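**Student:** sequence plus predicted model, see below.
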Amino acid sequence: MQQWLRRALGALLLLAGVGLVAMTEQSLLDHRNAAERHGGQILDLGSHGESDTVQHGYLVRVTGPTKVVEAPYDPEFGQRAQVPVLIRHVEMFQWREVRVGADVHYELDWVDRPVDSRRFEQPQGHANPERFPIMGKQFDAGQVRVGGFVMSPTLLHALPGSDPLPPDYRQVPPNLSASFTPYDRYLTTSTRPQQPRLGDLRVSWDTVPSQDVTVFAQLDGEQLVPAVHAADGKGYDVQVGDRALVDVVPDVPESPSFVWLRRVLGLLLGAFGALLLLPERKRTHHDGLLASGAAALLIGAVASVLWLGTDMTTGGVWFGLALLGLALAVWRLRVATA
């Protein structure tokens, strides 16, 4: 009865060692396969990442405030702001055609694009200027950093939020200050801003504010860029605040913690279980070597099969361990029978 219990315990420990290693490797595989859909291996750096300590090509999660190094500048109007993106809006007071059922009427309103009055049902008396003398435009900061990394233009344009920027009339060049006057949060060509006329312009600015963000992107040198090979067709994400990796890529399971500790523990459990399965006799160090070899053979074979066709390096290491275990076990058996 005692011998049966010892062997049952040995079998359970051996299976526990195999199961622990198999679960660890499968969790790593699930994490890696899910990460590949987004463009590659993922490093969760938080707010502590530095460009010189991270390998090129990795996907990273970085958090922190957006730090503007080179502010955007609108050279035509002399406007500048310490923000990631500066956007100029230009509107013209124009005729619009409004249809309500069968009824058609016309009204003057501010519109941010030229309205082609030639397409009106009643163009006579509702002619609009054909083009804008000044166009709206977006100005990106020369450099914006998050957590030690530089954001690429694509990521800059993904930053959320919008704040109005009152124009600084003192910075407007003389050639435009002669035509534009400040009114409310605009610069306008209207001589009577409260009663604009057809063809009057008004210009305003919005900014994408500096803020705490979480960026998920690929590392290219010191720059954060979209992962071009991502199966999801996007390869990046930008969210406000400090968001966990599971919030940014919810389809990617967390990578298991204490991987090497779990592997070593699995091998030790397997070796102790194999030792209990050996015939009952006075134990020597030779039995320990035989049990270790058997455990390494079984666990290494199972782990290498899991990695087969996915990562030949990791699978090769486990296969090498299995061969080493086989050689150790065969050697101890030959010595024992000599």
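**Tutor:** Sure thing, it's come through. Numbering: from 1, shown residues only.
**Student:** buried ones in the host helix or strand of A11?
**Tutor:** Per DSSP states H and E: A11 is located in helix 2-36. Buried residues in helix 2-36, counting neighbours by 16 or more other CB atoms under 10 Å, are found at 7, 10, 13-14, 16-18, 20-22, 24-25, 27-28, 31-32, 35-36. All C-beta atoms are positioned from the backbone trio N, CA, C, and that covers glycine.
**Student:** name the helices or strands packed onto it?
**Tutor:** helix 259-277, helix 285-307 (3 or more CB pairs under 8 Å, 6 or more residues apart in numbering; DSSP states H and E).
**Student:** switch the ones you listed over to TSV; also include distance to Y58, mean pLDDT and mean neighbour count.
**Tutor:** Shown next, in TSV, are the helices and strands packed on helix 2-36 (distance: least, CB to CB, whole Å; pLDDT from 0 to 100; neighbours: other CB atoms under 10 Å):
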stretch	distance to Y58	mean pLDDT	mean neighbour count
helix 259-277	17	90	19
helix 285-307	20	86	20
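**Student:** so can I have TSV of those showing distance to L333?
**Tutor:** Below are these laid out as TSV (distance: least, CB to CB, whole Å):
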stretch	distance to L333
helix 259-277	13
helix 285-307	7
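**Student:** V90: which of those helices is closest?
**Tutor:** Nearest to V90 among the helices and strands packed on helix 2-36 is helix 259-277 (56.7 Å), distances taken as CB to CB.
**Student:** taking helix 2-36 as reference, get the angle to that closest one.
**Tutor:** Here helix 259-277 points in a direction 160 degrees away from that of helix 2-36 (axes from the mean of the first three to the mean of the last three CA atoms, to 10 degrees).
**Student:** which other helices and strands contact helix 259-277?
**Tutor:** Packed next to helix 259-277, using 3+ CB pairs under 8 Å, 6+ apart, are helix 2-36, helix 285-307.
**Student:** what sits up against it?
**Tutor:** 6-7, 9-21, 24, 28, 256, 283, 287-288, 290-292, 294-296, 298-299 (CB atoms under 8 Å, 6 or more residues apart in numbering).
**Student:** next structured bit after the helix holding A11?
**Tutor:** Helix 2-36 is succeeded, C-terminally, by strand 42-46 (DSSP H and E).
**Student:** adjacent strands (with direction) for the very next helix or strand once past that following strand?
**Tutor:** Later in the chain than strand 42-46, the nearest helix or strand by DSSP H and E is strand 59-65. Strand pairing for strand 59-65, determined by DSSP bridges: strand 42-46 (parallel), strand 212-220 (antiparallel).
**Student:** and the ones you listed: which comes nearest R131?
**Tutor:** strand 212-220 (37.7 Å).
**Student:** in the closest one, what's buried?
**Tutor:** Here strand 212-220 shows V213, T214, V215, F216, A217, Q218, L219, D220 as buried, counting by 16+ other CB under 10 Å.
**Student:** check the spatially most central residue of the chain and give its pLDDT.
**Tutor:** What sits nearest the mean C-alpha location of the chain, by CA atoms, centre = their mean, is F216, with 1.7 Å. pLDDT recorded at F216 is 90.
**Student:** quick one: it and V60 touch, right?
**Tutor:** Yes: F216 is in contact with V60 according to CB atoms under 8 Å; the separation is 7.5 Å.
**Student:** can you give the domain ranges for this structure?
**Tutor:** 2-33+256-337, 38-65+212-248, 67-208 (automatic domain parsing).
**Student:** low-confidence ranges in this structure?
**Tutor:** When residues are selected by pLDDT under 70, those of the chain lie in 1, 47-56, 232, 280-286, 335-338.
**Student:** ok, A81 to W95 distance?
**Tutor:** 34 Å (CB to CB, to the nearest Å).
**Student:** what angle do the helix holding A11 and helix 285-307 make?
**Tutor:** 30 degrees.
**Student:** out of the buried residues of strand 212-220, who's nearest V146?
**Tutor:** Nearest member of the buried residues of strand 212-220 to V146, counting by CB to CB, is V215, at 5.3 Å.
**Student:** is the closest one in a bridge, and if so with what?
**Tutor:** Assigned bridge partners for V215, using DSSP bridges, are V62, V238.
**Student:** which ones are touching it?
**Tutor:** R61, V62, T63, V146, G147, F149, M151, L155, L224, Y236, D237, V238.
**Student:** got JSON lines for those, with distance to S162 too?
**Tutor:** Converted to JSON lines, the contacts of V215 look like this (distance: CB to CB, whole Å):
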{"residue": "R61", "distance to S162": "25"}
{"residue": "V62", "distance to S162": "23"}
{"residue": "T63", "distance to S162": "22"}
{"residue": "V146", "distance to S162": "19"}
{"residue": "G147", "distance to S162": "24"}
{"residue": "F149", "distance to S162": "24"}
{"residue": "M151", "distance to S162": "18"}
{"residue": "L155", "distance to S162": "17"}
{"residue": "L224", "distance to S162": "22"}
{"residue": "Y236", "distance to S162": "20"}
{"residue": "D237", "distance to S162": "19"}
{"residue": "V238", "distance to S162": "14"}
